[in-house]
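*Asks:* Just need the structure, nothing else, for what follows:
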Amino acid sequence: MTLNWTSKSYNALALNELYSLLQLRSEVFVVEQNCAFQDIDGQDEAAYHLLGRTDDGQLAAYARLFDAGKCYEQVSIGRVVVSPAFRRFSFGRQLMNQAIAECEALFGPQPIKIGAQYYLRAFYQSLGFVQQGDIYLEDDIEHIYMLRA
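*Replies:* Prediction:
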């Protein structure tokens with residue numbers, strides 16, 4: 001199964017698209033990970049939103065993309081999430097490859113920084129990201145900064 005990808009600025013999102021992406025982020029980052037945190041953090045307006053939909057329109061994968069200086073000094077990718085209903089299709093790699101390609105299309109080829117959950121370190125390393133610094137806690141979950149040159 002492959003996904004249909006679109007990338008939109010905040011103002012270009014339709015209300016149903018915004019609702020779908022916020023619902024997916026809440027389902028995974030708040031409910032599944034049992035983490036009470038402020039997902040709606042005021043940064044959505046500065047981001048491009050990468051949406052991966054199935055042929056029947058279901059949101060299966062999502063990420064936020066930021067130009068340099070918006071979130072970090074470098075271009076960045078965040079809120080990387082695959083719907084639990086679609087994890088058996090290994091969309092995580094497809095999502096990250098698409099996010100990297102979209103960052104290059106939007107912002108030009110340059111380093112990309114992420115704040116990754118530590119347990120996913122090997123996955124991100126396989127995509128060319130290198131750990132930068134020590135483990136830090138964000139909402140009681142171990143994270144690391146990683147950079148892709």
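*Asks:* and the longest helix along the chain, what other elements does it pack with?
*Replies:* As assigned by DSSP state H, the longest helix anywhere in the chain is helix 91-107. With contacts taken as 3 or more CB pairs under 8 Å, 6 or more residues apart in numbering; DSSP states H and E, helix 91-107 sits against strand 4-9, strand 48-53, strand 59-66, strand 75-82, helix 121-125. Any C-beta I mention is one placed from the backbone N, CA and C, and that applies to glycine too.
*Asks:* so which of those gets nearest Glu32?
*Replies:* Closest of the helices and strands packed on helix 91-107 to Glu32 is strand 75-82, at 9.7 Å (criterion: CB to CB).
*Asks:* What are the contacting residues of that closest one?
*Replies:* Applying CB atoms under 8 Å, 6 or more residues apart in numbering, the contact partners of strand 75-82 are 24-25, 28-29, 39, 47, 60-68, 70-71, 91-92, 95-96, 99-100, 103, 107, 110-115.
*Asks:* Pull up the pairing partners for it, direction included.
*Replies:* Using DSSP bridges, the strands paired with strand 75-82 in its sheet are strand 59-66 (antiparallel), strand 112-117 (parallel).
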